[in-house]
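> next comes the sequence, and after it the predicted model I'd like to discuss.
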Amino acid sequence: MTTTVFWILGAASLAGALGLTLVRRPMYAALSLIVTFGCLGLIYLGLGAEFLGLAQVMVYAGAVAILIVFAVMLTGNREPDAKNVFGRPAAWGAGAAALAGGGALLGALAGAAFRDRPPAEVSAPPAVLGKALMTEYAVPLLVLATLLTAALVGAVLIASMGPGGEKRPEREI
């Protein structure tokens with residue numbers, strides 16, 4: 001991957017992440033999340049981590065982000081209130097925390113010693129990773145699958161409720 005392509009994908013990923021946090025409509029935020037996940041997957045592919053890149057695109061940009069889009073669509077996609085929910089003191093505190101975290105990150109990057117050397121030739125084929133997922137990491141994989149299933153069931157239950165929490169009447173199709 002050339003440096004120019006890397007920087008373009010990094011900027012697009014950062015723009016998607018900023019869009020995720022700054023837009024007011026949930027559907028636009030979900031679409032920004034898909035852009036961010038897709039750009040990260042392309043960065044992984046460009047850096048030679050084919051399995052990780054494809055898993056990023058399929059699992060996150062494909063499954064998780066689409067699950068979020070479905071949840072937004074099923075819950076009615078109501079417009080947010082125009083007023084600031086937290087108020088001015090919380091906004092100042094969040095800004096100070098963001099600046100402190102950014103400063104700590106820049107300080108860590110400034111102190112890091114980067115060497116221009118070729119990457120190590122350590123590569124695990126997908127068969128080895130698949131075997132590890134089904135043997136050594138089977139429990140975390142099942143916990144993740146259960147969590148995603150519970151999120152989908154929760155989205156359906158929330159969508160079936162009316163504005164006051166009562167069950168919506170059944171519709172005939």
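Thanks, I have it.
> need the residues that contact the least confident helix or strand in the chain by mean pLDDT.
Least confident helix or strand, the chain: helix 65-74 with a mean of 77, by mean pLDDT, DSSP states H and E. For helix 65-74, contacts defined as C-beta atoms under 8 Å, 6 or more residues apart in numbering pick out 26-27, 30-31, 33-34, 37, 148, 151-152, 155-156, 158-159. Yep, even glycine has a C-beta here, placed from its N, CA and C like the rest.
> which parts of it are buried?
By 16 or more other C-beta atoms under 10 Å, the buried positions in helix 65-74 come out as 65, 68, 69, 71, 72.
> quick one on the thing from earlier: separate out the buried members of the contacts of helix 65-74.
26, 30, 31, 33, 34, 37, 155.
> circling back: with distance to residue 16 and secondary structure added, can I get the contacts of helix 65-74 in JSON lines?
Formatted as JSON lines, these follow (distance: C-beta to C-beta, whole Å; DSSP: H, G, I helix; E, B strand; the rest coil):
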{"residue": "26", "distance to residue 16": "15", "secondary structure": "helix"}
{"residue": "27", "distance to residue 16": "14", "secondary structure": "helix"}
{"residue": "30", "distance to residue 16": "11", "secondary structure": "helix"}
{"residue": "31", "distance to residue 16": "9", "secondary structure": "helix"}
{"residue": "33", "distance to residue 16": "7", "secondary structure": "helix"}
{"residue": "34", "distance to residue 16": "8", "secondary structure": "helix"}
{"residue": "37", "distance to residue 16": "8", "secondary structure": "helix"}
{"residue": "148", "distance to residue 16": "22", "secondary structure": "helix"}
{"residue": "151", "distance to residue 16": "21", "secondary structure": "helix"}
{"residue": "152", "distance to residue 16": "24", "secondary structure": "helix"}
{"residue": "155", "distance to residue 16": "22", "secondary structure": "helix"}
{"residue": "156", "distance to residue 16": "27", "secondary structure": "helix"}
{"residue": "158", "distance to residue 16": "26", "secondary structure": "helix"}
{"residue": "159", "distance to residue 16": "26", "secondary structure": "helix"}
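> residues near residue 111, how many?
By the criterion of other C-beta atoms under 10 Å, residue 111 has 7 neighbours.
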